[in-house]
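**Student:** coordinates only, sequence not included:
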Ligand code: FES
């Protein structure tokens, strides 16, 4: 094998390896679970008006926040644990429903119907006056 042929072959392999690493890094970067979540919703703002009624929900920063009862809220990563579609809250059944393949989750985030098998990722909430803090 000539030196130039060897270099071309090794070069192609290096590119293939680099691509493999890029794909690997990219897939890690697509992890939809946000970390270091910490934001506050002003419940007096029109955008958050749904949270002044029981069963109301708001989506902020990929997190769905639901008012369960007066002073009692839950917050979950909206991404379905099956394939990541955003779940919606249905007050009539007090559950989260994924519009993609029909998985459902109870108000505690637990799976009540597949194909999802893992609970929704939960975040903490803390109400102070009309300020609702959502944090990890
Ligand atoms: S993405 Fe939600 S059930 Fe498939």
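**Tutor:** Here it is on my side, so go on. Keep in mind that what you see is a predicted model, and the values were worked out from it rather than measured.

**Student:** how is this protein divided into domains?
**Tutor:** The record's domain parsing of the chain by automatic domain parsing lists 1-31, 38-135.

**Student:** can you tell me which residues in the protein are near the ligand?
**Tutor:** For the chain, the residues found near the ligand under the criterion CB under 6 Å from any ligand atom are 80, 82-83, 85, 98, 100-103, 115-116. Where C-beta positions appear, they are placed from N, C-alpha and C, glycine not excepted.

**Student:** select only the buried ones of the residues you listed in PyMOL?
**Tutor:** A single PyMOL command is used to select the members of the residues of the chain next to the ligand judged buried by 16 or more other CB atoms under 10 Å:
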select buried, resi 80+82+98+103+116
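
**Student:** which of the residues of the chain next to the ligand fall in strands?
**Tutor:** With strands defined by DSSP state E, no entry of the residues of the chain next to the ligand lies inside them.

**Student:** ok, residue 88 - contacts?
**Tutor:** Residues in contact with residue 88 (CB atoms under 8 Å, 6 or more residues apart in numbering) are 57, 64, 96-99.

**Student:** how about low-confidence regions in this protein?
**Tutor:** Low-confidence regions of the chain, defined by pLDDT under 70, span residues 1-33.

**Student:** please enumerate the strands of it.
**Tutor:** For the chain, the strands identified by DSSP E occupy 38-42, 57-60, 63-69, 72-77, 88-90, 95-97, 104-105, 111-113, 122-128, 131-135, in order along the chain.

**Student:** how many other residues sit next to residue 51?
**Tutor:** A count of nearby residues for residue 51, using other CB atoms under 10 Å, gives 20.

**Student:** I figured it was touching residue 41, is that so?
**Tutor:** Yes - under the criterion of CB atoms under 8 Å, residue 51 makes contact with residue 41 at 6.9 Å.
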